[in-house]
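Peer 1: coordinates for the following, if possible.
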Amino acid sequence: MGPMRMNRIRWIFLIILTLLAGFLLLWPAESRAQAAPFRAVTVSEGLEYPWGLAFLPDGRMLVTERPGRLRLVDRDGKLDPRPIAGVPAVAVVGQGGLLDVALHPAFETNRWVYISYAARGEGGYGTEVARGRLDGHVLRDVTVLFSMRPKTSAGQHFGSRLVFDRKGFLYITLGDRGEMARAQRVDDHAGSVIRLHDDGRVPVDNPFVGVANALPEIFTLGNRNIQGAALHPQTGELWAHEHGPQGGDEINIIRAGVNYGWPVITYGRNYVSGTRIGEGSEKAGLAQPLLQWTPSIAPAGMAFYTGDKFPAWRGNLFVGALRGQMMVRLELDGNRIVREERLLENQLGRIRDVRNGPDGFLYLLTDSAKGRIVRLEPIGSR
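Peer 2: As a prediction, the model looks like this:
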């Protein structure tokens, strides 16, 4: 067999392998979880680093892309080629960009959409939150409700998730911007959770209102970088997870005025040297996590399952993972996490967000230049 024929055969073989890989990517991945067998079905693709997902009342989806676009996806998974206009200027720097999206609890009547994003300002970059009224393919009456200060040149740890509680307060989760000491300061937004009224006003019962030199919108301290948050379906309390340094990822219940310890205490270690950070893993007056992961899974996205398609999963907590490239299912007993199961390991890639769908299924976003929306369905559901 001549060299030219051998080269032709190699090229044909490579083309077949490429087509087969693409076919397998779209084929539903089936998994047999302890509580429920399921398959992962691609609903929509062609998204560039999707970050946050919100369901409109008519079943369509709003999806953020970190490079700065807010996109519409119809109920059949078709991605609208036109990004939503009216999004404020987004700074795409390091880990920053367009981040989370959330609807006002009364969206059907007021049409308010809330977005968090990295923005440029005096001193550098910081997380901001704006809202606008969704009118077709445009956000109108856009107003910035929150602007992190001080802004710095760092390109990491922007947070950020947006969650409304049952009383209509808006919670904004932030990161320490890679400057860890800032997370212990009450005059600095970094490393905190922010609590506001839906129009950006500061609630009078926030824990640092009236405290000298404190920023009154701060609700908690000592948070390293929170990229997952959700309301507990029974208690209504806000649960959140945050990234640890080389270990020490945490899940916490977010409560007024609590100091979660970063960087005074942590179960993680310095990245390069592996040496201890701060004063150890415990200290009086600083909160302990409900759960910590060492080594790190890099948690991202979070949802309590409340649907009807997986009865055995109802009330379970689901967490996506970037480094771990998986989804974690956590069983609860009250406020205790009693069992962990790791699903979809190395099947979908980095999982950025997890959401309950109005149809009772679970939805995931994959963190990739060719990101997807993936739906989890019980095997035998259709």
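
Peer 1: and the helices in this structure?
Peer 2: 3-26, 107-110 (DSSP state H).

Peer 1: run the chain-centre distance for the last one.
Peer 2: Pointing back at helix 107-110 there. Computed by Cα atoms, centre = their mean, to the nearest Å, the chain-centroid distance of helix 107-110 equals 24 Å.

Peer 1: equivalent analysis for stretch 127-140, please.
Peer 2: Computed by Cα atoms, centre = their mean, the chain-centroid distance of stretch 127-140 equals 19 Å.

Peer 1: about what we covered before: worst mean pLDDT among the helices of the chain?
Peer 2: Comparing mean pLDDT across the helices of the chain, the weakest is helix 3-26, with a mean of 43.

Peer 1: tally of neighbours for residue 369?
Peer 2: 8 (other Cβ atoms under 10 Å). In short, each C-beta sits where N, CA and C put it, glycine included.

Peer 1: contacting residues for the closest residue to it other than its chain neighbours?
Peer 2: Leaving aside its chain neighbours, residue 369 sits nearest to residue 48 (5.8 Å; criterion: Cβ to Cβ, 6 or more residues apart in numbering). Shown in contact with residue 48 (Cβ atoms under 8 Å, 6 or more residues apart in numbering): 65, 66, 67, 69, 369, 370, 371.

Peer 1: now flag whichever of the residues you listed is closest to residue 118.
Peer 2: Distance to residue 118 across those (Cβ to Cβ) is lowest for residue 66, with 9.1 Å.

Peer 1: that closest one contacts residue 101, correct?
Peer 2: No - counting by Cβ atoms under 8 Å, residue 101 is not a contact partner of residue 66; they are 11.9 Å apart.

Peer 1: the strands in the stretch 51-200 of the chain, which residues?
Peer 2: 61-65, 69-73, 98-103, 112-121, 124-135, 138-147, 162-164, 170-173, 193-196 (DSSP state E, counting those that start in this stretch).

Peer 1: what does the stretch 251-382 of the chain give?
Peer 2: Ranges of strands within the stretch 251-382 of the chain are 291-293, 299-304, 317-321, 326-333, 336-343, 351-356, 362-366, 371-378, based on DSSP E, counting those that start in this stretch.

Peer 1: buried residues of the fifth one, list them for me.
Peer 2: What that stands for is strand 336-343. Neighbour-count burial for strand 336-343 flags residue 343 (criterion: 16 or more other Cβ atoms under 10 Å).

Peer 1: what mean pLDDT does it get?
Peer 2: 97.

Peer 1: run the angle between it and strand 317-321 for me.
Peer 2: Counting by axes from the mean of the first three to the mean of the last three Cα atoms, to 10 degrees, strand 336-343 lies at 50 degrees to strand 317-321.

Peer 1: how far does strand 336-343 sit from the chain's center?
Peer 2: That offset, for strand 336-343, works out to 19 Å (Cα atoms, centre = their mean).

Peer 1: tilt between it and strand 371-378?
Peer 2: Using the same axes, to 10 degrees: strand 336-343 against strand 371-378 is 110 degrees.

Peer 1: the third one now?
Peer 2: Angle, strand 317-321 to strand 371-378, by the same axes, to 10 degrees: 150 degrees.

Peer 1: C-alpha coordinates for strand 317-321, PDB please?
Peer 2: The C-alpha coordinates for strand 317-321 follow below in PDB (Å, rounded to 0.1, in the frame of the first residue of the first chain):
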ATOM      1  CA  LEU A 317     -29.900  20.000  47.000                       C
ATOM      2  CA  PHE A 318     -28.100  19.900  43.700                       C
ATOM      3  CA  VAL A 319     -24.700  21.600  43.100                       C
ATOM      4  CA  GLY A 320     -22.800  21.900  39.800                       C
ATOM      5  CA  ALA A 321     -19.000  21.600  39.800                       C
END
